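**Student:** no sequence for this one, just the structure:
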């Protein structure tokens, strides 16, 4: 025997127990506890039965229990009485199945206990081994079904929230005509499986200028995704109101600093402006990776001047705008670092050189197929080593030939 406040009673051979769970009797009457033990011995159930005389002892036991539990709960205990016992137990051990033990004249109380979260109730004096065994099995199955249903509801809510974030993070490009071509792709990293802080956008203003942005908020989770949405919307607003390229970058840093939940959160960004003359592009970089330039079948790596990532030293950053020459068949590919940071070996990553070599193999592909091929091969090369751990956003931009 363990101390008299709590003892463990053993039933028959545990091998016939058909549900992987333990029983906990919360009952201050020794005679009633003995009757429950005898009925369990006579039933087809066989499992250790822990007996606690107070709710406080039961809650301590449940805190240290890692297996499923079915609690047989008396409503009249030294430290709690009535439906409060059910509420407190369900609140402290929401994963436990609960069967309430009531008196002969308390059937309505038993129904109320079920409404408070118990799975079933039994009336003392009307319990036999078969009824007890069936009630325990049913209670455990009901609790399992409740948990499964709750998990499904949570999954649906997460999927709905993810879809809303996706629509905000990955918008439809706002183009005024078909003279400019955009191909984009987003893949969530395997570490979290949901959208995070990568974002992009493309907007063409009435003067024919095409503006584009790609960015990556550090970290993963809903807060980072929400911050990415905030930055993307702010960027689009700045474009539509005529803010200059350097001013847009400073504006994004100000919003990042104001909205971030942690002072260590930062963001990398690349902004582009394609004048309607089609012979150049203006690039502003804030800590973001370089980009690929496609010209015919040839693919090269381009590193425009880069300033500090947003939010590292608020107010101290300086960003220059680099002018790149464009030829009639030039196209640019922007991406977040998740595309080339995946592992290709126990101690190696794809890296920028590996990404350039990989891109060179697909130089003849159309924009959409080119983007898909990059993401597919990066994913495949990382799959033996856990897959891509970070989100991947890819943005393929260029004027359409002959328009």
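**Tutor:** It's in. Computed from a prediction, not measured in an experiment: that's the story for all the values here.
**Student:** what ranges do the strands span in the stretch 201-350 of the chain?
**Tutor:** 210-217, 267-274, 280-286, 291-295, 298-302, 306-307, 321-325, 330-335, 343-345, 348-349 (DSSP state E, counting those that start in this stretch).
**Student:** Just send those back as JSON lines, with mean pLDDT too.
**Tutor:** Formatted as JSON lines, the strands of the stretch 201-350 of the chain follow (pLDDT from 0 to 100):
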{"stretch": "strand 210-217", "mean pLDDT": "97"}
{"stretch": "strand 267-274", "mean pLDDT": "98"}
{"stretch": "strand 280-286", "mean pLDDT": "97"}
{"stretch": "strand 291-295", "mean pLDDT": "97"}
{"stretch": "strand 298-302", "mean pLDDT": "97"}
{"stretch": "strand 306-307", "mean pLDDT": "94"}
{"stretch": "strand 321-325", "mean pLDDT": "96"}
{"stretch": "strand 330-335", "mean pLDDT": "97"}
{"stretch": "strand 343-345", "mean pLDDT": "88"}
{"stretch": "strand 348-349", "mean pLDDT": "92"}
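**Student:** need those in JSON lines with distance to residue 119 and mean neighbour count, can you?
**Tutor:** For the C-beta atoms, the positions are set from N, CA and C on the backbone; glycine is no exception. Shown next, in JSON lines, are these (distance: least, CB to CB, whole Å; neighbours: other CB atoms under 10 Å):
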{"stretch": "strand 210-217", "distance to residue 119": "44", "mean neighbour count": "27"}
{"stretch": "strand 267-274", "distance to residue 119": "48", "mean neighbour count": "25"}
{"stretch": "strand 280-286", "distance to residue 119": "56", "mean neighbour count": "22"}
{"stretch": "strand 291-295", "distance to residue 119": "59", "mean neighbour count": "20"}
{"stretch": "strand 298-302", "distance to residue 119": "62", "mean neighbour count": "14"}
{"stretch": "strand 306-307", "distance to residue 119": "61", "mean neighbour count": "18"}
{"stretch": "strand 321-325", "distance to residue 119": "66", "mean neighbour count": "13"}
{"stretch": "strand 330-335", "distance to residue 119": "52", "mean neighbour count": "23"}
{"stretch": "strand 343-345", "distance to residue 119": "47", "mean neighbour count": "15"}
{"stretch": "strand 348-349", "distance to residue 119": "51", "mean neighbour count": "12"}
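**Student:** Any chance of the ones you listed in JSON lines with distance to residue 52 as columns?
**Tutor:** Formatted as JSON lines, these follow (distance: least, CB to CB, whole Å):
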{"stretch": "strand 210-217", "distance to residue 52": "49"}
{"stretch": "strand 267-274", "distance to residue 52": "53"}
{"stretch": "strand 280-286", "distance to residue 52": "61"}
{"stretch": "strand 291-295", "distance to residue 52": "66"}
{"stretch": "strand 298-302", "distance to residue 52": "68"}
{"stretch": "strand 306-307", "distance to residue 52": "64"}
{"stretch": "strand 321-325", "distance to residue 52": "72"}
{"stretch": "strand 330-335", "distance to residue 52": "59"}
{"stretch": "strand 343-345", "distance to residue 52": "50"}
{"stretch": "strand 348-349", "distance to residue 52": "54"}
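**Student:** Pull the number of nearby residues for the closest residue to residue 344 other than its chain neighbours.
**Tutor:** Among residues not flanking residue 344 along the chain, residue 381 sits closest, at 4.8 Å (CB to CB, 6 or more residues apart in numbering). Number of residues near residue 381 (other CB atoms under 10 Å) recorded here: 18.
**Student:** and the residue lying closest to residue 335 once chain neighbours are set aside, how far is that from residue 379?
**Tutor:** The shortest distance from residue 335 to any non-neighbouring residue, by CB to CB, 6+ apart, is to residue 394 (4.6 Å). Distance, residue 394 to residue 379, using CB to CB, to the nearest Å: 12 Å.
**Student:** Check residue 66 too.
**Tutor:** Residue 66 sits 36 Å away from residue 379, going by CB to CB.
**Student:** When those two are compared, which one has more neighbours?
**Tutor:** residue 379 (16 against 6).
**Student:** Do you have the helices of the stretch 251-400 of the chain handy? List them.
**Tutor:** Remark: helices assigned in the stretch 251-400 of the chain by DSSP state H, counting those that start in this stretch are 351-360, 367-382.
**Student:** what about the residue nearest to residue 344, distance to residue 22?
**Tutor:** 47 Å.
**Student:** sorry, back to before: how about the helices of the stretch 251-400 of the chain, which one is nearest residue 28?
**Tutor:** Nearest to residue 28, of all those, is helix 367-382, at 59.3 Å by CB to CB.
**Student:** And the contacts of that closest one?
**Tutor:** 181, 183-185, 187, 294, 331, 333, 335, 339-340, 342-344, 350, 355, 358-359, 361-363, 365, 387-389, 392, 394, 396, 398 (CB atoms under 8 Å, 6 or more residues apart in numbering).
**Student:** Make a ChimeraX selection of the buried ones in those.
**Tutor:** A single ChimeraX command suffices to select whichever of the contacts of helix 367-382 are buried according to 16 or more other CB atoms under 10 Å:
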select :181,183,184,185,187,294,331,333,335,339,340,342,343,344,350,355,358,359,362,365,388,389,392,394,396,398
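**Student:** show me the residues around the residue nearest to residue 335 that make contact.
**Tutor:** Per CB under 8 Å, 6+ apart, neighbours of residue 394: 184-186, 333-336, 339, 371, 374-375.
**Student:** Just grab the bridge partners of it for me.
**Tutor:** On the basis of DSSP bridges, residue 394 is bridged to residue 185, residue 335.
**Student:** what mean pLDDT does the host helix or strand of residue 148 have?
**Tutor:** Secondary structure assignment for residue 148, by DSSP states H and E: helix 129-169. Across helix 129-169, pLDDT averages out at 79.
**Student:** and what of stretch 92-105?
**Tutor:** 87.
**Student:** For it, which outside residues touch it?
**Tutor:** The contact list for stretch 92-105, computed with CB under 8 Å, 6+ apart, reads 21, 24, 27, 32, 59, 62, 68-75, 86, 89-90, 109-110, 113-114, 117-126, 135-136, 139-140, 142-143, 147.
**Student:** Among those, which are located in strands?
**Tutor:** Within the contacts of stretch 92-105, residues falling in strands by DSSP state E are 24, 69-74, 120-123.
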